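*Asks:* this is the structure alone, sequence omitted:
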C-alpha cells in the first residue's frame, strides 16, 4: 500500500530561536536618523513652507529639543527619500543647523502617499484656501483611483463624485459638497486665487468665478481693477450666468462691478493716510477712533444748540 504524501512544514532556524517579542519587534516601524540632504519634498506638494513667526518658534524648539515627532518618508527609486509628512520640521532642522532628523520610512504607493500627505498636513492650524483646494484635488484623484475606475465591463465608477468627496473631507470635517467647492478654486487663474488667499475676494464669490473661462477671468480682473471693487456673491453669480449664456464681456462685467453694494450704502471708510495727517505719529488706531468720536459728539451738541435758537 502506497504511503500518502504528508504535508510537512519545516520551521525556519530564525523562528526556532527567536522569541515572540523579537518577532513582534520586527513588525514595528523603526525610526531612523536620516541626513537632511537625503530627504526630498513631496512631488507637487500643495502646502507652503513659510518663514513666519510659527516657523521661528519651531526652529527655536528644534534647536533646543530636537525633532520630537518623526517625519514620514518613502524610498525613491533614484535614491534618497521623499518626504510624505514633516516638510516644516525638515526646514526647521535646516535652519537650526541640524544634519539629520528622525524619520519613519514606509513603502507606500503613489496614492497611499498622497492620501497620507494630505491628511497629515490638514492638521495644521493655518491653511490657505489655495492649499486646501489643491490638497483636496490631489486626494480626490487618489481616492478615485483607489476605489476603481470605469471599465468596459463596469462603465459605472465604483465610487461616485459626491461619495469620493465625502471620503476626502472626512478626515478634516468638511462635507463632500464643501470639498467639491474647494476643488473648484483650482480652476481660478493664479491672480484671482492669490486674492482669495489674501481675503480680498470671499470664498463663495470665488467659487462662482471659477466657472469663467481663463480669458474671461483675466477680463474680470481688469474690470475689477477699473472699478476698484470686489464682487459680492450676487455679482459673481450674475457674471457666471453671463458666461454660461455667452454674453460675458469686459464691458458687461465692468457695468456689474460699478454697482454700489447694498452693504456699502451705510458704510463710510477713512483711509489711514488721510487720518494720520491730523494725529500725532504716536497715536494708535484706538486713540484716533476715540478722538474722532469725542469730536463728533461735541459737533453734534453744538449743532443741536444752534437748532434750538
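*Replies:* That came in fine, so what should we check first? Small disclaimer: the values here were computed from a predicted structure and weren't measured.

*Asks:* drop to CA atoms for contacts and neighbour counts, all remaining ones
*Replies:* Noted.

*Asks:* how about the helices in the stretch 1-150 of the chain?
*Replies:* 13-17, 20-27, 53-65, 87-95, 110-121, 129-147 (DSSP state H, counting those that start in this stretch).

*Asks:* so where do the strands sit in this protein?
*Replies:* Using DSSP state E, the strands of the chain run over 31-35, 39-40, 71-75, 81-85, 100-105.

*Asks:* if we go by neighbour counts, what in stretch 36-54 is buried?
*Replies:* By neighbour count on 16 or more other CA atoms under 10 Å, the buried set for stretch 36-54 is 36, 39-40, 42, 45-47.

*Asks:* what would these look like in JSON lines with distance to residue 188 and pLDDT?
*Replies:* Formatted as JSON lines, the buried residues of stretch 36-54 follow (distance: CA to CA, whole Å; pLDDT from 0 to 100):
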{"residue": "36", "distance to residue 188": "35", "pLDDT": "97"}
{"residue": "39", "distance to residue 188": "32", "pLDDT": "97"}
{"residue": "40", "distance to residue 188": "29", "pLDDT": "97"}
{"residue": "42", "distance to residue 188": "23", "pLDDT": "96"}
{"residue": "45", "distance to residue 188": "18", "pLDDT": "94"}
{"residue": "46", "distance to residue 188": "15", "pLDDT": "94"}
{"residue": "47", "distance to residue 188": "17", "pLDDT": "94"}
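
*Asks:* please tabulate the strands of the chain in TSV, including the columns distance to residue 274.
*Replies:* Below are the strands of the chain laid out as TSV (distance: least, CA to CA, whole Å):
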stretch	distance to residue 274
strand 31-35	55
strand 39-40	50
strand 71-75	50
strand 81-85	48
strand 100-105	52
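
*Asks:* out of these, flag the one nearest residue 179.
*Replies:* Nearest to residue 179, of all the strands of the chain, is strand 81-85, at 21.5 Å by CA to CA.

*Asks:* of the strands of the chain, flag the one that's most buried.
*Replies:* Of all the strands of the chain, strand 81-85 carries the top mean neighbour count, a mean of 24, counting by mean count of other CA atoms under 10 Å.

*Asks:* so what are the sheet partners of it and their directions?
*Replies:* Strand pairing for strand 81-85, determined by DSSP bridges: strand 39-40 (parallel), strand 71-75 (antiparallel).

*Asks:* Throw those into JSON lines and include distance to residue 136, thanks.
*Replies:* Compiled in JSON lines, the strands paired with strand 81-85 are given as follows (distance: least, CA to CA, whole Å):
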{"stretch": "strand 39-40", "distance to residue 136": "22"}
{"stretch": "strand 71-75", "distance to residue 136": "20"}
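
*Asks:* where does pLDDT dip in the protein?
*Replies:* Applying pLDDT under 70 to the chain flags the ranges 1-28, 148-162, 261-273, 307-309.

*Asks:* longest single helix anywhere in it?
*Replies:* Taking DSSP state H as the criterion, the chain has its longest helix at helix 285-308.

*Asks:* run through who's touching that one.
*Replies:* Contact with helix 285-308 is made by residue 279, as judged by CA atoms under 8 Å, 6 or more residues apart in numbering.

*Asks:* now it: how far from the chain's centre is it?
*Replies:* Taking CA atoms, centre = their mean, to the nearest Å, the mean C-alpha location of helix 285-308 is offset from the chain mean by 46 Å.

*Asks:* for stretch 220-232, same thing?
*Replies:* On CA atoms, centre = their mean, the centre of stretch 220-232 falls 25 Å from that of its chain.

*Asks:* what residues sit buried inside that stretch?
*Replies:* Quick answer for stretch 220-232 (16+ other CA under 10 Å): 220-221, 223-224, 229-232.

*Asks:* need the contact list for the closest residue to residue 140 other than its chain neighbours.
*Replies:* Residue nearest to residue 140 in three dimensions, not counting chain neighbours: residue 168, with 6.1 Å by CA to CA, 6 or more residues apart in numbering. Going by CA under 8 Å, 6+ apart, residue 168 touches 136, 139-140, 143, 176, 179.

*Asks:* is it true that residue 82 touches residue 44?
*Replies:* No - counting by CA atoms under 8 Å, residue 82 does not reach residue 44; the two are 11.6 Å apart.

*Asks:* which stretches in the stretch 151-300 of the chain count as helices?
*Replies:* Using DSSP H, counting those that start in this stretch, helices in the stretch 151-300 of the chain cover 161-170, 176-184, 190-197, 203-209, 214-227, 233-244, 250-257, 272-275, 285-308.

*Asks:* select, out of those helices, the one closest to residue 96.
*Replies:* That would be helix 190-197 among the helices of the stretch 151-300 of the chain, by CA to CA, at 29.0 Å.
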